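**Q** Okay, sequence plus prediction incoming.
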Amino acid sequence: MNIVVLAGGLSPERNVSFASGAMVAQALQRKGHQVAMVDLYLGLEDYGHPLADLFRLPPPLPDLSIKEEEPDLEAVKAARKLQSGSIFGQGVLAACQMADVVFNALHGESGEDGRIQAAFDMLGIAYTGSGYLGSAIAMDKNYTKQLAAAEGILTPQWRTVKLTDREIEEVERSEPLPCVVKIHNGGSSVGVFICRTGEELHRALRECRRLGRQVLVEQFVEGRDFFCGVLDGESLPPIEVIPKTGFYDYKNKYVAGASLEVCPAQVDGKAEAQMRSAARRIHELLGLTAYSRSDFVLDKDNRPWFLEVNTLPGMTDTSLLPQEAAAVGVDYDTLCQKIVDASLEARKEQK
């Protein structure tokens, strides 16, 4: 097939998306497909050939490594030659319409929140991953937790807070510590803060103002970090992540060797079954497609607490879903092909 791998975009996870996309592109090329990787936001401004040659002469793949710091999105905007309000860069939609399928390797709100999926549905473009509605709900941690709680899935208590001076002052005055502050629509642990003191809570709320207009302030659950994927309707063995310092933040996720990852996780059989069941139920409840990954904390009483679900989990060389798939005998290249196949089948059924 002719496949566009769509990456980059305009979210704090832009760099992660490039690393995921480059690895996916290589895997699909090894599977015999003609693959072109395209930056959603900058598009094909610097592509030096006619668009008709895109799959025969694809643009070079970017560096696979992920920089420790988040991208400067204002600099990305300034570098764009096509100064318009569209998230789609020059030639992106035309390239996607030429493809048999678009592998969505975007992360964060510029590609994971349902808007890209809705646009593709309107244009008849086949793409990987979940549809617009499940993507939009899953991207909003508040809505996802409401659905999980209503289903009887254990999740930490939380409230949403608008980042006005008045509401910030009220939270600082009344919120029990420790607590977790997180932007409601982020990923890759961008905009996530564990606050053990009033000063840390004050700093976190004001830092989040830079990233959005509201946050979740959530009960902090002390415990071990587990992640459980779902692939084509079946849950995968959970993986435990043990950061060497701090918590599983952006740096500990993407710097090789910063965390110890154990898969299959060494965990009580009952707790594993509960995590796998909850991950699969969340996947079904939101109507997700092909793959997803749910995040849990296992407390001292071996109770798994659901935190959030990712509809486009990372596909880098340190990402968790590929490790979980490998634990059941699915290598990376086969994983990418399975995602394509399951997604195309879902698109035929208009899911």
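**A** On my side now, so go ahead.

**Q** Residue 214: what's it in contact with?
**A** Residues touching residue 214, when contacts are defined by C-beta atoms under 8 Å, 6 or more residues apart in numbering, comprise 160-163, 183-184. Where you see a C-beta, it was placed from the backbone N, CA and C, and this is true even at glycine.

**Q** pLDDT wise, what is residue 350 at?
**A** On pLDDT, residue 350 comes in at 76.

**Q** What count of nearby residues applies to it?
**A** For residue 350, the number of neighbouring residues by other C-beta atoms under 10 Å comes to 7.

**Q** Begin at 5 from now on, thanks
**A** Got it, the first residue is 5 from now on, which makes the last one we talked about residue 354.

**Q** how about it, secondary structure?
**A** With DSSP: H, G, I helix; E, B strand; the rest coil as the basis, residue 354 sits in coil.

**Q** Roughly how far does it sit from residue 14?
**A** Using C-beta to C-beta, to the nearest Å, one obtains 29 Å as the distance from residue 354 to residue 14.

**Q** Okay, helices next: where are they in this protein?
**A** 18-34, 77-83, 96-102, 119-127, 136-143, 145-154, 169-178, 202-212, 254-258, 273-289, 324-331, 336-352 (DSSP state H).

**Q** The fifth one: which residues count as buried?
**A** What it means is helix 136-143. 136, 138-143 (16 or more other C-beta atoms under 10 Å).

**Q** could the helices of the chain go into CSV alongside distance to residue 218?
**A** Shown next, in CSV, are the helices of the chain (distance: least, C-beta to C-beta, whole Å):
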stretch, distance to residue 218
helix 18-34, 22
helix 77-83, 19
helix 96-102, 30
helix 119-127, 18
helix 136-143, 13
helix 145-154, 8
helix 169-178, 9
helix 202-212, 9
helix 254-258, 21
helix 273-289, 22
helix 324-331, 27
helix 336-352, 31
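
**Q** out of those helices, nearest to residue 61?
**A** Each of these was scored for nearness to residue 61 using C-beta to C-beta, and the closest is helix 96-102 (12.7 Å).

**Q** so how far is that closest one from its chain's centroid?
**A** 23 Å (C-alpha atoms, centre = their mean, to the nearest Å).

**Q** Counting by contacts, list what that helix packs against.
**A** Contacts defined by 3 or more C-beta pairs under 8 Å, 6 or more residues apart in numbering; DSSP states H and E place helix 96-102 against strand 6-11, strand 38-43, helix 119-127.

**Q** at 10 Å instead, please
**A** Where contact means 3 or more C-beta pairs under 10 Å, 6 or more residues apart in numbering; DSSP states H and E, helix 96-102 is packed against strand 6-11, strand 38-43, strand 105-108, helix 119-127.

**Q** before we move on, the earlier item: give me the lowest-pLDDT entry from the buried residues of helix 136-143.
**A** Taking pLDDT as the measure, those have their low point at residue 143 (92).

**Q** where's it relative to residue 236, distance?
**A** Using C-beta to C-beta, residue 143 is found at 22 Å from residue 236.

**Q** And residue 322, by the same measure?
**A** Residue 322 is 23 Å from residue 236, by C-beta to C-beta.

**Q** which of those two has more neighbours?
**A** Remark: of residue 322 and residue 236, residue 322 carries more neighbours, 18 against 15, as counted by other C-beta under 10 Å.

**Q** Can you check the pLDDT for the more buried one?
**A** Looking at residue 322, its pLDDT is 77.

**Q** What's the separation between it and residue 245?
**A** In terms of C-beta to C-beta, residue 322 sits 10 Å off from residue 245.

**Q** rewinding a little: could you dump the contacts of residue 218 into JSON lines with distance to residue 331 added?
**A** Putting the contacts of residue 218 into JSON lines (distance: C-beta to C-beta, whole Å) gives the following:
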{"residue": "164", "distance to residue 331": "36"}
{"residue": "165", "distance to residue 331": "38"}
{"residue": "166", "distance to residue 331": "42"}
{"residue": "167", "distance to residue 331": "40"}
{"residue": "187", "distance to residue 331": "31"}
{"residue": "188", "distance to residue 331": "32"}
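
**Q** Quick one: buried ones out of the residues you listed?
**A** Neighbour counting by 16+ other C-beta under 10 Å classes 165, 167, 187-188 among these as buried.

**Q** and which of these is nearest to residue 336?
**A** Within the set of the buried ones among the contacts of residue 218, residue 187 lies nearest residue 336; the separation is 30.2 Å, counting by C-beta to C-beta.

**Q** from what I can see that closest one touches residue 212, true?
**A** Yes. Here residue 187 lies in contact with residue 212, judged by C-beta atoms under 10 Å, at a distance of 5.5 Å.

**Q** any common contacting residues for these two?
**A** By the contact definition C-beta atoms under 10 Å, 6 or more residues apart in numbering, residue 187 and residue 212 are jointly contacted by 167, 195-197, 218-220.

**Q** Single out whichever of those has the smallest pLDDT.
**A** Ranked by pLDDT, the shared contacts of residue 187 and residue 212 bottom out at residue 195 (73).
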